[in-house]
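Asks: Next come a sequence and a model predicted from it.
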Amino acid sequence: MDIKRRNIQYSKPCPVYLLASFGCATTILSEVLCYPLEYIKIKLQMNGTQGCPKYKNLKSIIAETTSIKQYYRALNAQMLKIIPYSTTRIFAYEFIRTAFTGDIVETTYKRKLSCASSAYAIALLTGNMGDIMKIRLINNQELTLIQAIQQSYNKTGFAGFFRGYWLNLITITLIQAVEISLFEKFKRFFIKNFTQGNNTIGIDAIASLITGVSSGILTAPLDGFKCRYMNQLIDQQTYWQTFINVIKDEGLLALYKGTLPYCIKISIGFTLTFVLYEQFKRQII
């Protein structure tokens, strides 16, 4: 396949199961370390809606959380999402990337984004249900994971497990678009101005941290809206109806609730996952 670009780099064959296994492990580590931020984010995003406490601010959420265990509420639902999702994502990405570009490592922005978006679309088929259950468990302290799954199935059937799928995919695709676009730019800037052309793990970490913050700020409203939509048990409201109701009742700024913990979680999670995963790939490719 002829790809018109400069400095084409090729990779050595690497078992995809190794990439998928390590990618899944680094994602799990990142999620466990950052999960309290996810818990706080969802609490803030749902703040002021029916069936949820009306917190004055972040401080009041922390004050009413009496134990560390509470910050890990619904972690089992998050693992239900992360384990199949992260593994499937890497398998799908490597398969699609190889089909498009063969053994070429560096490719164009459009190809990278197309491969990543397609892989995420496939992976979300396995992880969307866990995302929904996590949101509902955090907002209903009485439910167990099994009860939440049964409740959803009884109300909306199997299709209910895919509620908000397209919102999820759009959010993730935008995050990827920002990260793929900005990471290399930040990386080149720091290498050129601070390390005299040498790439280090520190440069990777700083570039990925700034990239994570940028993608978090740009996609926070979408994530907040997705959280509101997925929390609805009865599948009667469309995306548009949900959006209008949120804006009408709480104003446009309601979509920005939870932005701070969301940005912190994305930046830390992206940095940790990317640096560990890339260091692993450099050792075997």
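Replies: Received it, and whenever you're ready, just let me know what you need.

Asks: Tell me which helix or strand Gln237 sits in.
Replies: Assigned by DSSP states H and E, Gln237 belongs to neither a helix nor a strand.

Asks: Distance of the residue nearest to it when sequence neighbours are not counted relative to Thr66?
Replies: For Gln237, ignoring the flanking residues on the chain, the nearest one in space by CB to CB, 6 or more residues apart in numbering is Asn245 at 7.2 Å. Every C-beta, even on glycine, is put in place using the N, C-alpha and C of the backbone. The gap separating Asn245 from Thr66 is 33 Å, by CB to CB, to the nearest Å.

Asks: Tyr239 is in contact with the residue nearest to Gln237, correct?
Replies: No - judged on CB atoms under 8 Å, Asn245 makes no contact with Tyr239 at a distance of 11.0 Å.

Asks: The worst-scoring helix or strand of the chain on mean pLDDT: what's the following helix or strand?
Replies: The helix or strand of the chain with the poorest confidence is helix 58-64; it has a mean of 74 (mean pLDDT, DSSP states H and E). Counting by DSSP H and E, the element after helix 58-64 in chain order, helix or strand, is helix 68-71.

Asks: Average pLDDT for that following helix, rounded please.
Replies: Helix 68-71 comes out with an average pLDDT of 90.

Asks: which stretches of the chain have low pLDDT?
Replies: Scanning the chain for pLDDT under 70 picks out 1-14, 48-57, 102-107, 196-197, 199, 234-236, 281-285.

Asks: try 80 this time
Replies: Where the chain drops to pLDDT under 80, the residues are 1-15, 47-66, 100-109, 180, 184, 194-201, 204, 233-237, 273-285.

Asks: what about the helices in it?
Replies: Counting by DSSP state H, the chain has helices at residues 16-45, 58-64, 68-71, 75-101, 109-139, 145-156, 165-194, 201-231, 239-250, 259-284.

Asks: Adding mean neighbour count, write these out as TSV.
Replies: Formatted as TSV, these follow (neighbours: other CB atoms under 10 Å):
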stretch	mean neighbour count
helix 16-45	20
helix 58-64	13
helix 68-71	11
helix 75-101	20
helix 109-139	21
helix 145-156	15
helix 165-194	17
helix 201-231	20
helix 239-250	13
helix 259-284	19
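
Asks: Roughly how far does the residue positioned nearest the centre of the chain sit from Leu29?
Replies: The residue lying closest to the centre of the chain (CA atoms, centre = their mean) is Ile172, at 6.1 Å. The spacing between Ile172 and Leu29, counted by CB to CB, is 20 Å.

Asks: Same question for Thr219.
Replies: For Thr219 relative to Leu29 (CB to CB), the value is 23 Å.

Asks: same deal with Pro84?
Replies: 17 Å.

Asks: Check Glu38 too.
Replies: Here Glu38 is placed at a distance of 14 Å from Leu29 (CB to CB).

Asks: ditto for Phe189
Replies: Applying CB to CB to Phe189 and Leu29 gives a distance of 28 Å.
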